[in-house]
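In: The sequence and its predicted three-dimensional model are supplied below.
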Amino acid sequence: MKCTDDIEARDLEEMTINIDPIQAGGRLTADAMKAIIAWGDGYSVCDNCRKPFRLDYIEKPPINVFHDDLAAFVGMDEARVVPGARRGFQAVAGTYVQKGDPVMLTGLSHYTEFLAVENTGGVPLEIPKDEHNIIRAEAAAEKLEEAVRTFGRPPVLLFLDQVDYQYGNLHEVKEIARVAHQYDVPVLLNGAYTVGILPVDGKALGVDFVVGSGHKSMAAPAPSGVLATTAERADEVFRTTKIRGDVTGRTFGLKEVEMMGCTLMGVTLMGMMASFPHVRERVDHWEEHLANGKVFVDALAAIDGTVIKSEMPRRHTLTRVDTTASFDRVAETHKKRGFFLSSALKKKGIVGVIPGATKVWKFNTYGLSRAQVEYLAAAYQEIAEENGLSVSA
């Protein structure tokens, strides 16, 4: 089947089990699919835009209510939709960081957080991870002190991933936020792998900003996301324009500077809104998803030579695994080399692992049923045994 002569229809989610780490939480709901068809035109949501001509004021469809619901969903006071988590990072960095300012990140921060800092001319300072690949409050306190000694002042902002993209590990958010606030450093929580997946309460965690990814974890089309903040910071990051044209004298009302006026004008927003009731409900079933993921983790760990590199026991479904001493050992002599594994998996209807990867790789089982993860577990163990690897009971 094809959409056009050059564009094939994508049936990956319908025809296979997909364990790609970045795609698990972004699978669209049926309601989102319908919304995409109905609201696919570029400026479709602007049909009923009236003064003050801003996205979060539109009442039909109820985009204004959706913004309030988003803020409540992550335990914050105000929220805006943005074109992906990275634009949320950029908006906050653009508000607080100037050239030469120290900015705190971590040794596991996503590259887009670094780019947000670079875009402003800030100086990145990394909190190191510990031997278990966890970011600890003690390390944050030491790095803050180091920043004060080096720059004569604390960092102007701290980026902190709740769950990092490399290991899928949970970090000491609440404790680090408490330390940062002792230095009056605002904290941005990167919830790209948590908002829409598990319950997130920004105020309970003590952070100033919560950023989420619609297309990564909220069953929404790309690019979409959310930036939420406390009432104390809202007037800063959501500040309205003050500029005036020198010839025409034009001003631009309540347009927000960091939002560049409006953000998600059509299909991305409506898909995000259509999925939201499902997303709001599914976070209450997080423990079930986590338990399903552990079935596969345990099955992999039972293959001789396989090492789970993420923290154990698992507290997230995104996991990093090292199969250098198992599947990569097979690859050394197999006629397909490293591609033997992805080839064998494809025959069993499993995709999402980078073809040729048999050393260190990642997967995400979020959203799979118990039957699917049991099939996944059996498939990997069967491939292992077929290639001479032992599997413990």
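Out: Nice, I can see it.
In: Any stretches of the stretch 201-350 of the chain with poor pLDDT?
Out: Nowhere does the stretch 201-350 of the chain drop to pLDDT under 70.
In: What are the neighbouring residues in contact with Pro128?
Out: Applying CB atoms under 8 Å, 6 or more residues apart in numbering, we find Pro128 in contact with Thr106, Gly107, Ala139, Lys143. Quick note: C-beta positions are derived from backbone N, CA and C, even for glycine.
In: now Asn190
Out: Counting by CB under 8 Å, 6+ apart, Asn190 touches Ala85, Phe89, Ser109, His110, Glu113, Phe159, Leu160, Asp161, Gln162, Val211.
In: Considering the residues you listed, which possesses the most neighbours?
Out: Counting neighbours by other CB atoms under 10 Å, Val211 leads the contacts of Asn190 with 31 neighbours.
In: Can you list the strands that the host helix or strand of it pairs with?
Out: According to DSSP states H and E, Val211 maps onto strand 209-213. Partners of strand 209-213 in the sheet, by DSSP bridges, are strand 187-190 (parallel), strand 225-229 (antiparallel).
In: How far does that strand sit from its chain's centre?
Out: Strand 209-213 sits 8 Å away from the centroid of its parent chain (CA atoms, centre = their mean, to the nearest Å).
In: Could you identify the helix or strand that succeeds that strand?
Out: helix 214-217.
In: From what I see, Tyr380 and Ala302 are in contact.
Out: No - assessed by CB atoms under 8 Å, Tyr380 is found out of contact with Ala302, at 9.5 Å.
In: who's more crowded, those two?
Out: Between Tyr380 and Ala302, counting by other CB under 10 Å, Tyr380 is the more crowded of the two (26 against 16).
In: Check which helix or strand that one maps to.
Out: helix 370-386.
In: Next, give phi and psi for Met270.
Out: Backbone torsions for Met270, taken as degrees, to the nearest 10, come to phi -70, psi -30.
In: Contact partners for it?
Out: Ala35, Ile36, Ala38, Trp39, Ser44, Val45, Pro61.
In: with these in mind, which one is nearest to Arg282?
Out: Distance to Arg282 across those (CB to CB) is lowest for Ala35, with 17.5 Å.
In: how far away is that closest one from Met1?
Out: Taking CB to CB, to the nearest Å as the measure, Ala35 and Met1 are separated by 22 Å.
In: can you pull the contacts of Leu108?
Out: Here Leu108 is in contact with Lys129, Asn133, Ile135, Asp161, Asp164, Tyr165, Gln166, Tyr167, Asn169, His171 (CB under 8 Å, 6+ apart).
In: Going by distance to Gly191, which of the residues you listed wins?
Out: Distance to Gly191, by CB to CB, is smallest for Asp161 among the contacts of Leu108, at 8.3 Å.
In: Mind telling me what element the residue lying farthest from the centre of the chain is part of?
Out: Using CA atoms, centre = their mean, the residue of the chain lying farthest from its centre is Val247. It sits 43.8 Å away. According to DSSP H and E, Val247 maps onto no helix or strand at all.
In: distance of Val185 from Thr112?
Out: Taking CB to CB, one finds Val185 at 20 Å from Thr112.
In: cool, Leu125 as well?
Out: Per CB to CB, Leu125 is found 17 Å from Thr112.
In: show me the contacts for the residue nearest to the spatial centre of the chain.
Out: The residue lying closest to the centre of the chain (CA atoms, centre = their mean) is Ala192, at 1.9 Å. Going by CB under 8 Å, 6+ apart, Ala192 touches Ala85, His110, Asp161, Tyr165, Val211, Gly212, Ser213, Lys216, Ser217, Gly225.
In: out of those, who's nearest Phe363?
Out: Using CB to CB, the contacts of Ala192 come closest to Phe363 at Tyr165, 12.8 Å.
In: host element of that closest one?
Out: With DSSP H and E as criterion, Tyr165 is part of no helix or strand.
In: Tell me how many other residues surround it.
Out: 20.
In: picking that back up, same drill for Val185 and Thr112, tell me which one is more crowded.
Out: The residue with more neighbours, out of Val185 and Thr112, is Val185; 22 against 19, by other CB under 10 Å.
In: wait, that one sits on Asp101?
Out: No - using CB under 8 Å, Val185 is not in contact with Asp101; the gap is 11.2 Å.
In: Next, show the common contact partners of those two.
Out: Jointly contacting Val185 and Asp101 under the rule CB under 8 Å, 6+ apart are Pro155, Val156, Leu157.
In: pLDDT score for the last one?
Out: Looking at Leu157, its pLDDT reads 98.
In: thought it was touching Gly94?
Out: No - under the criterion of CB under 8 Å, Leu157 makes no contact with Gly94, lying 10.6 Å away.
In: Could I get the CA-only coordinates of stretch 189-209 as CSV?
Out: What follows is the C-alpha trace of stretch 189-209 in CSV, where atoms were taken according to Å, rounded to 0.1, in the frame of the first residue of the first chain:
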residue,chain,number,x,y,z
LEU,A,189,12.7,19.1,34.8
ASN,A,190,13.1,17.3,31.5
GLY,A,191,10.1,14.9,31.5
ALA,A,192,10.4,13.7,27.9
TYR,A,193,10.4,10.1,29.1
THR,A,194,8.0,10.6,32.0
VAL,A,195,5.2,13.1,31.3
GLY,A,196,2.4,11.0,29.8
ILE,A,197,4.0,7.8,30.9
LEU,A,198,4.0,7.9,34.6
PRO,A,199,2.5,10.3,37.2
VAL,A,200,4.5,13.6,37.3
ASP,A,201,3.9,16.4,39.9
GLY,A,202,6.2,19.3,39.4
LYS,A,203,5.4,21.1,42.6
ALA,A,204,5.8,17.9,44.6
LEU,A,205,9.2,17.5,43.0
GLY,A,206,10.1,21.1,43.8
VAL,A,207,11.0,22.1,40.3
ASP,A,208,10.2,25.4,38.5
PHE,A,209,9.5,24.1,35.0
